[in-house]
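Give the three-dimensional model of this entry:
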Amino acid sequence: MSLLSTLFLSLLPALPQDPAPETDEPTPPSEEVQEEEELTPERAVELLEAADKSGELDLIFIAIEDAGRVADKKVVKELSGFLKHKDAEVRYLTVQTLRYNQDEEALKVLLKQKSNKKILEDERCAEEYYYALGQKGDKRAIKILSDDLNKTNRGDKVTRARILALGRIREVESVEALMDCLVSGAARRRHPQMTEIHTSLVVLTGASVRPNQDDWIAWWNDNKRGLELTKQEQELDTKKGRSAWMELWATPEDKELMELARKQGKDGFGDATPEELEELRKKAEERKKRAEEKRKEEAEKKESGDGGGKDDPDGDGTR
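As a prediction, this is how the structure comes out:
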């Protein structure tokens, strides 16, 4: 059970339980308890239900973060109920959690929120919602992301998220939507979202075009007929750009690894290969495993000391 689950259970209102035996001795973790540490879909649903019934925001936050990522249809269904919660932070966290939930039901739930005013009229939540659609990389999200995209405002974070999310969906329709947005602003000297449009177009097409409105329109006129995209994302021009793009779409776990590596003086994520990232994940898992083995070893030593120690050199409970 994770730290969040432990904290969640400690904060829950008292429920009827069998009384624990009175003892001053700490109960060492057993193998049976260790097996229960994995959060099952059933347990995840229970945590979400209990948090919802409690009505306490702290419990709801913990349950969403800890149980909401479990990839299961029933978990996603239970989680989706929080999208209509009266608290804006709960709605935001729910959208963010659905963004990274790997069950296919998560995308279906997100697509259904296209008219949810509680999400779309909250700038922070709307921004995360569009990033969540982009995270899924599914063509079904293109229409939602591109609808009225030409109505842009300088510095509009929501529009920025929609444009970058289109860059994540490798379909010709994404390029068409971005070019429609660009052409609609052709009368301007520079489109207010030119940087984001350029980023997404380069990632989608791999074209060597300057971040200039006229240059992209000229490229489009030359290439729109018969345009095909590769399955693999194309690289951005600069290392800084590649790093920013990679971090934007990294999972929370990968972001933690990136931050850890950055603290160690490594910041070349823009040039990291999938194999190198996988190696980084393996090393993190190895560290986690070693820490868990050390914890078990210390627990066993403590248990052994309670039963024997110096007065019990044979370790058999006799003196």
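
now for the helix or strand containing A126, which elements pack on it?
Using DSSP states H and E, the element containing A126 is helix 123-136. Packing partners of helix 123-136 (3 or more C-beta pairs under 8 Å, 6 or more residues apart in numbering; DSSP states H and E): helix 88-100, helix 104-111, helix 117-120, helix 142-146, helix 157-168. No exception for glycine: its C-beta is placed from N, CA and C like everyone else's.

Now do it: everything it contacts.
88, 91-92, 95-96, 98-100, 106-107, 110-111, 113, 118-120, 141, 144-145, 157-158, 160-162, 164-169, 248-249 (C-beta atoms under 8 Å, 6 or more residues apart in numbering).

Now, of the residues you listed, which are buried?
91-92, 95-96, 98-100, 106-107, 110, 113, 119, 141, 144-145, 158, 160-162, 164-169, 248-249 (16 or more other C-beta atoms under 10 Å).

so how far is A106 from the most centrally placed residue in the chain?
By C-alpha atoms, centre = their mean, the chain has its centre lying nearest to Y100, at 3.7 Å. Here Y100 is placed at a distance of 8 Å from A106 (C-beta to C-beta, to the nearest Å).

what about the closest residue in space to T40 that isn't next to it in sequence, helix or strand, and which?
Nearest non-adjacent residue to T40, counting by C-beta to C-beta, 6 or more residues apart in numbering: V70, 7.8 Å away. For V70, there is no host helix or strand (DSSP H and E).

Please list all residues in contact with E89.
L57, F61.

Return the alpha-carbon coordinates of stretch 104-120 using PDB.
Taking C-alpha atoms only, stretch 104-120 is exported to PDB below (Å, rounded to 0.1, in the frame of the first residue of the first chain):
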ATOM      1  CA  GLU A 104      -9.500   3.100 -22.700                       C
ATOM      2  CA  GLU A 105     -12.600   4.200 -20.800                       C
ATOM      3  CA  ALA A 106     -10.700   7.300 -19.600                       C
ATOM      4  CA  LEU A 107     -10.600   8.700 -23.100                       C
ATOM      5  CA  LYS A 108     -14.300   8.000 -23.500                       C
ATOM      6  CA  VAL A 109     -15.100   9.900 -20.300                       C
ATOM      7  CA  LEU A 110     -12.900  12.800 -21.400                       C
ATOM      8  CA  LEU A 111     -14.600  13.100 -24.800                       C
ATOM      9  CA  LYS A 112     -18.000  13.300 -23.100                       C
ATOM     10  CA  GLN A 113     -16.800  16.400 -21.200                       C
ATOM     11  CA  LYS A 114     -16.600  18.600 -24.400                       C
ATOM     12  CA  SER A 115     -19.600  20.700 -23.100                       C
ATOM     13  CA  ASN A 116     -19.000  20.500 -19.400                       C
ATOM     14  CA  LYS A 117     -19.100  24.200 -18.400                       C
ATOM     15  CA  LYS A 118     -17.600  23.500 -15.000                       C
ATOM     16  CA  ILE A 119     -14.500  22.300 -16.800                       C
ATOM     17  CA  LEU A 120     -14.400  24.600 -19.900                       C
END
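
if we look at it, which residues are touching it?
Outside stretch 104-120, the residues touching it (C-beta under 8 Å, 6+ apart) are 73, 76-77, 79-80, 83-84, 88, 91, 95, 98-99, 125-126, 129, 132-133, 136, 138, 140-141, 144.
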